[in-house]
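J.: For reference, the sequence and a predicted model appear below.
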Amino acid sequence: MKTLAVRCGITLIVLAAANLAFANPFKSRIITGTSSPLVITVPDDHFLKITNFSQEGGTDRGVVSVKLTGDTENTGTANVLTATRIDLSTGASLSTGASSQNSPEIVNRVIIAGPAQVTIAPITGATLFISYRKESNEGGGGGGGNIVFVTPTPAPTGTPSITPLPTITPFPTP
């Protein structure tokens with residue numbers, strides 16, 4: 001009985017260690033109106049995948065701003081994502097009536113390649129929620145960063161020729 005318990009315990013420890021070693025977990029952050037801005041640095045050969053950016057309350061929209069770093073040609077800051085409002089009771093309604101509500105908004109996702117600095121500023125009177133994951137771009141499938149140029153095959157000229165198909169020689173049966 002003790003050996004079975006020990007074996008099960010060791011198995012659970014090995015599985016937990018494998019989960020921690022191979023998992024690239026998403027991180028979630030809550031930004032309130034009194035929080036400091038959330039700054040995420042995305043190094044070169046990495047990317048940031050934002051899967052959820054929502055907002056409750058406030059009159060202004062939360063935005064994800066990206067500043068490219070390490071590139072002298074592309075400078076400046078761009079807003080790449082706005083928060084999805086989840087409190088449907090505020091704002092103008094699309095229909096009239098006592099029980100009318102705003103239609104639900106679409107949750108957008110964005111992937112930001114490094115090197116970049118991502119900033120989410122707090123909004124007065126609002127609570128922002130963001131889920132993201134930073135991943136390495138090295139050997140990450142899809143070609144591994146190699147660019148492949150494909151040129152079309154030129155059309156044959158002249159008269160088409162017929163190529164005979166190979167035939168299968170039957171085996172003698174005993």
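T.: That came in fine, so what should we check first? Given the structure is predicted, the values throughout are model-derived calculations rather than measurements.

J.: Pull out the buried residues from stretch 51-67.
T.: Residues of stretch 51-67 classed as buried: 53-55, 57-58, 62-66 (neighbour count, 16 or more other Cβ atoms under 10 Å). (Glycine included, C-beta is placed from N, CA and C.)

J.: Ok, stretch 105-123 next?
T.: Of the residues in stretch 105-123, 112, 114, 116-118, 120-123 count as buried by neighbour count, 16+ other Cβ under 10 Å.

J.: Among those residues, which pair sits farthest apart?
T.: Distance extremes for the buried residues of stretch 105-123: the farthest pair is Gly114 and Ile123 at 25.8 Å, using Cβ to Cβ.

J.: Return the per-residue confidence for the residue lying closest to His46 once chain neighbours are set aside.
T.: Excluding the flanking residues, the one nearest His46 by Cβ to Cβ, 6 or more residues apart in numbering is Gly114, at 4.6 Å. On pLDDT, Gly114 comes in at 85.

J.: I'd say Gly114 and Asp44 touch.
T.: Yes: counting by Cβ atoms under 8 Å, Asp44 is a contact partner of Gly114 at 5.3 Å.

J.: one step back: what is the nearest of the buried residues of stretch 51-67 to Val39?
T.: Ser65 (10.0 Å).

J.: Just the element for the residue nearest to the closest one when sequence neighbours are not counted, please.
T.: Counting by Cβ to Cβ, 6+ apart, Thr119 is the residue found nearest to Ser65 once chain neighbours are left out, at 4.8 Å. Per DSSP states H and E: Thr119 is located in strand 116-120.

J.: Would you mind pulling up the elements that that strand packs against?
T.: strand 38-42, strand 46-57, strand 63-68 (3 or more Cβ pairs under 8 Å, 6 or more residues apart in numbering; DSSP states H and E).
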